[in-house]
Every structure is written in structure tokens, then in C-alpha cells.
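K.L.:
Model the structure of this input:
(one chain, ligands or ions: 1)
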Amino acid sequence: PGPLVSEQKPRILLMGLRRSGKSSIQKVVFHKMSPNETLFLESTNKIIKDDISNSSFVQFQIWDFPGQIDFFDATFDSDMIFGGCGALVFVIDAQDDYMEALNKLHLTVTKAFKVNHGIRFEVFIHKVDGLSDDYKMETQRDINQRANDDLADSGYDQIHLSFHLTSIYDHSIFEAFSKVVQKLIPQLPTLENLLNILISNSGMEKAFLFDVVSKIYIATDSSPVDMQSYELCCDMIDVVIDVSCIYGLRDDTEAAAFDCQSSSVIKLNNGTILYLREVNKFLALVCILREDNFDRQGIIDYNFLCFRDAIQQVFELRNENQVHLPLTTNH
Ligand code: GDP
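P.N.:
The predicted structure follows:
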């Protein structure tokens, strides 16, 4: 139902100095570009509104600002830009001297906070692939300390910054975006609860609800996430989509690489099963379970269908202005 819904879309802003890696992040996460190709990206000189909501469940826009934008320029409409925005991601190049970036960060968050108290501030300490583990930690500590000191010194103690170590050369950028996006999903506790119920009743180790296009997980059960499991599940999505693209599409149809028939089972040689099922146009469930618990696949499939119904109900409630038709069941 038209404009109402689109105004409600949570919006994520991606900001940072020029060459900090904003366009690369956007291309790698939302447009499947391989990290090496970003070497040839042209620098951004204008605000890019990249509306990915047609291909992705995660309905948000990325505004890529050129690093040197001047907030005090009269043409910069900060009410419009920060007003309806859910999260501001500020990218800092950790391989470079970050003093200028920290100044810009300070300027940006204080400006945004004045316009919008509800905005979440997420700092990506980016390009950490070039740094040793010790140096990564040290850099994060240093940036965290300096940024918070700056805020405290100018009386902005209420502003909370979250920090993430990221790189486009591994899964950390997807993991970080997952955390950012999850904070913007009001239904998250319900989704987590449903996933907890699903795994405990089906003998699963772990389950992720994925946005297929971006490989962002919008929810998982409450057991801790280890990077390796997340990476395995991301890789599985790539395999399924690639195989579908190569062998699943016929020229004469408008078939998509991911549809309601999409499902896949991968058995690893350590007794682990990866199981993927389509949940809706954008979402897939990917779960990890032990091989012996997969013996009774019927139960798992039945539980999955119940889970999928519940997810549909959760998201239908979101559009409250939607008309619900009373349905008749045919038992
Ligand atoms: P923008 O001006 O902020 O949009 O920056 P770009 O996306 O154009 O990136 C600038 C350069 O940083 C490019 O050469 C990218 O290949 C490189 N880059 C981006 N992300 C990473 C990363 O995670 N690690 C490394 N090593 N280089 C990166």
C-alpha cells in the first residue's frame, strides 16, 4: 500500500572519508562483486541512493557520501538525510592514519544526533585484513577510546557508538552488517524465539535466517555464533545460487535462481549436515545438524513448514494497514 510502507523502511547511511571503502562494501555485500574487482572502482563524488529493497528482504537504502562533504553547506539538508534514518555506518580505513577520520566521525555523529536521537551509530574499523590480530585489537581500542573521549569532552555522553572490525576479503563485513540490520528489525525477539523452538524440536545445532541476496543473517537462535558456522552457511548459499543459475534457469521462462522450490542438503565428511530451505522470496533458512539427527527428515520438514507459517504471520503483522481476508480451511 504505496507510500506509507516505503516511508517506514529503515534506512542505513554509509559514510566515511573518501577511499575508506564505502563503495566496495556496498558492491561486495549487496551486488555480489568479488573483493578483487573493487580495486578498479571509481571514487564516489556524489550521494548515491542505492535502493536494494526490490531484491532484498532488508529494506534499506545506502547513501554513499563523498568523504569531503561539508555539513555546514546550506545545500546539505541534514533533516532530510538523518531524519528518517535508522543507522549510520561510519567507515574508517584502519590501514591509514585515522586522525582525520575521527574528526569527521565526531562531526557527523553530533550533527546526526541533533537531528535524530534515535539513530544508531555503527563504526566499521575497515580493511583490517592487512593487520595482525594484536594490531587489530590495539587499533580498535585506540579508536574506541579517542572517539568516546571526543564525545565526552564536548558533552555528548549520551551518544553510543558500536564498533566492528571489518574487511571485504572475509566474512567479517557480512557479519557486521548482520548485526547492524538486526538492530533495525523490530520483530527480532520473535524471530529468535521461533528459531530456538525450531532447533530444540528438530535436533539442530544452529539455524540462521538469511537474506539470500546479501547473505546477511537477519536472525539466528540464541546459541553463540561462531564465524566458521556462519561462513559455512554463507558458502552454502553461494553454491545453491550458483548451481541454480548455471543449471536451473531456462531461457524461455522468467524463473529466478531462488524460488519456493529451492532447497538443498550438503553432507560434510565430519558427520555434519547443512540444510537449506526457502522461506519466502527473499529469505532462506540454513541449518546445521548432525547426520544422525537427519535420519528422520520428515519431522524436520514438518517442523520447518510450521516455522515458515509462523514467519509469514510475523511479517504480515508488520503491515497493519493491510486488509486480512478471513480464510476458510478445508479439513
Ligand atoms: P570509497 O571512496 O569510500 O567508496 O572507497 P572505495 O570503495 O573506492 O575503496 C577504496 C579502495 O579501498 C579500493 O581500492 C578498494 O579495493 C580498497 N578496499 C575496500 N575495502 C577493503 C578492505 O576490506 N581491505 C582492503 N585491503 N582494501 C579494501
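K.L.:
Which is the succeeding secondary structure element to the helix-or-strand element of the chain with minimal mean pLDDT?
P.N.:
Within the chain, confidence by mean pLDDT, DSSP states H and E is lowest for helix 2-8 among all helices and strands, at a mean of 41. Under the assignment DSSP states H and E, the closest C-terminal helix or strand after helix 2-8 is strand 11-16.
K.L.:
how about residue 310, what does it touch?
P.N.:
Residues near residue 310 by CB atoms under 8 Å, 6 or more residues apart in numbering: residue 194. (Each C-beta comes from the backbone N, C-alpha and C, glycine too.)
K.L.:
burial measure for residue 263, as a count.
P.N.:
Residues lying near residue 263 (other CB atoms under 10 Å) number 14.
K.L.:
And residue 187, by the same measure?
P.N.:
By other CB under 10 Å, 15 other residues sit near residue 187.
K.L.:
ok, so what distance separates it from the ligand?
P.N.:
31 Å (CB to the nearest ligand atom, to the nearest Å).
K.L.:
so where does residue 91 fall, helix or strand?
P.N.:
Going by DSSP H and E, residue 91 is part of strand 85-93.
K.L.:
What lies in contact with that strand?
P.N.:
So strand 85-93 is contacted by 10-17, 19-22, 25, 60, 82, 98, 101-102, 104-105, 108-109, 112, 116, 118-127, 143, 180, 183-184 (CB under 8 Å, 6+ apart).
K.L.:
Contacts (any at all) between the ligand and the helix or strand following that strand?
P.N.:
Sequence order places helix 99-115 as the next helix or strand after strand 85-93, per DSSP H and E. No - for helix 99-115, no contact with the ligand is found by CB under 6 Å from any ligand atom; the gap never falls below 10.8 Å.
K.L.:
and the helix or strand just after helix 99-115, what other elements does it pack with?
P.N.:
Sequence order places strand 120-126 as the next helix or strand after helix 99-115, per DSSP H and E. Applying 3 or more CB pairs under 8 Å, 6 or more residues apart in numbering; DSSP states H and E, one finds that strand 120-126 contacts strand 85-93, helix 99-115, helix 133-153, strand 161-166, helix 172-182.
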